[in-house]
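J.: Attaching a predicted model along with its sequence, questions to come.
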Amino acid sequence: MHPVIKRAFGQRLLLMAMGGAVIAAPALPGRLYVAQILAQSAHTAAAPSPAFEVAAVKPNHTGDHRSHLWINDASFRAENQPAKGLIEFAYDIQDPQLSGAPAWIGSDMYDVDARIEDADYQQIKKLPLAEQIEQIRLRVQSLLAERFKLQAHRETRKLSCYALVIAKGGPKLQPSDPSRDQAGGNHDSQNRTSSIVGLSTMHHTDARVAVLVQELSRRLGVTVLDRTGLTGKYDFDLQYARETNGDGMFRANQSDNPGRNGAPDSAPSGGPSIFTALQEQLGLRLERTKGPVEVIVIDHIERPTGN
């Protein structure tokens, strides 16, 4: 989410695992920019998937607490990443949405270096951003099936989650300019997030509420359901406090549990928590609930085979 990333290929993107969520950002110094939230995968765990042309998987024994994923042109790389993180990226899920996993998939760390066949890459880079990343996800699914012998299926379960609803006083979202669509064709919503001194600014242009819901799910590490009833496209900014998780990375501040109105008053860093920011700045609020959540259930998985 920086000067708007419209394509994943042709410029280097960095995907960082943060509190169970996977976030895309360009590998640039200074502020952390987060790329456009991606659409939920519509593919089942058993569906055939395209594969990388070549891929190497090696154990990582450095003991480093930092984990990274990179997409750089036709290559995909993971550094010090647990199998759990690879699965969550491949199927675009949060930690509570993974079931039946043996303990080692969260503790054994791996490095992955994979490359897309050039002919495939030339076709993929023509796609909209969300579809480009979906193509990477499908290839990581194939890698997991081949090297980790992963077998899994999807289920829908009733789990604890958040519902995004309209706050008292109504929404404060600015409708997008409809003239943007006059030229025709598909337009990627333009999103970016920057983190400076513990504060994060989330910017969205020409985005549906579903985009915000998906990004909130990643920030909070739990599924967020859209119950606003809003169907248009909007431009908006959201600024909220973030806290480090001990290794210098940032995550949405959840130190304060939402109260009766679904929002605490402030965050320890001095800025508003994400709950308060949503209510005050966007006229929306998060409330705890239980609802239908798609879960990936692991039927079988093994430590990876040799390259």
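T.: That came through fine. Numbering: from 1, shown residues only.

J.: looking at this, Glu134 is in a strand?
T.: No. Per DSSP: H, G, I helix; E, B strand; the rest coil, Glu134 lies outside any strand segment and is helix.

J.: Put the alpha carbons of stretch 163-177 into PDB.
T.: The C-alpha coordinates for stretch 163-177 follow below in PDB (Å, rounded to 0.1, in the frame of the first residue of the first chain):
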ATOM      1  CA  ALA A 163     -18.700  -8.500  12.700                       C
ATOM      2  CA  LEU A 164     -18.200  -5.100  11.100                       C
ATOM      3  CA  VAL A 165     -21.400  -3.100  11.500                       C
ATOM      4  CA  ILE A 166     -22.500   0.500  11.000                       C
ATOM      5  CA  ALA A 167     -22.000   2.600  14.200                       C
ATOM      6  CA  LYS A 168     -24.600   5.000  15.700                       C
ATOM      7  CA  GLY A 169     -24.800   8.100  13.600                       C
ATOM      8  CA  GLY A 170     -24.200   6.200  10.300                       C
ATOM      9  CA  PRO A 171     -21.200   5.500   8.100                       C
ATOM     10  CA  LYS A 172     -18.600   8.200   7.300                       C
ATOM     11  CA  LEU A 173     -17.300   6.700   4.100                       C
ATOM     12  CA  GLN A 174     -16.800   8.900   1.100                       C
ATOM     13  CA  PRO A 175     -18.400   7.500  -2.000                       C
ATOM     14  CA  SER A 176     -15.900   7.100  -4.900                       C
ATOM     15  CA  ASP A 177     -16.000   9.200  -8.000                       C
END
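
J.: And His65, what's its pLDDT?
T.: The model reports His65 with a pLDDT of 82.

J.: try Lys125
T.: For Lys125, pLDDT reads 88.

J.: Following element in sequence after whichever strand or helix holds Ala210, please.
T.: Using DSSP states H and E, Ala210 falls within helix 209-220. Later in the chain than helix 209-220, the nearest helix or strand by DSSP H and E is strand 224-226.

J.: helices and strands around that next one, which ones?
T.: strand 151-166, helix 209-220, strand 284-300 (3 or more CB pairs under 8 Å, 6 or more residues apart in numbering; DSSP states H and E). C-beta coordinates here come from the backbone N, C-alpha and C atoms, glycine included.

J.: Where does pLDDT dip in the stretch 101-250 of the chain?
T.: For the stretch 101-250 of the chain, the stretches flagged by pLDDT under 70 are 180-198, 243-250.
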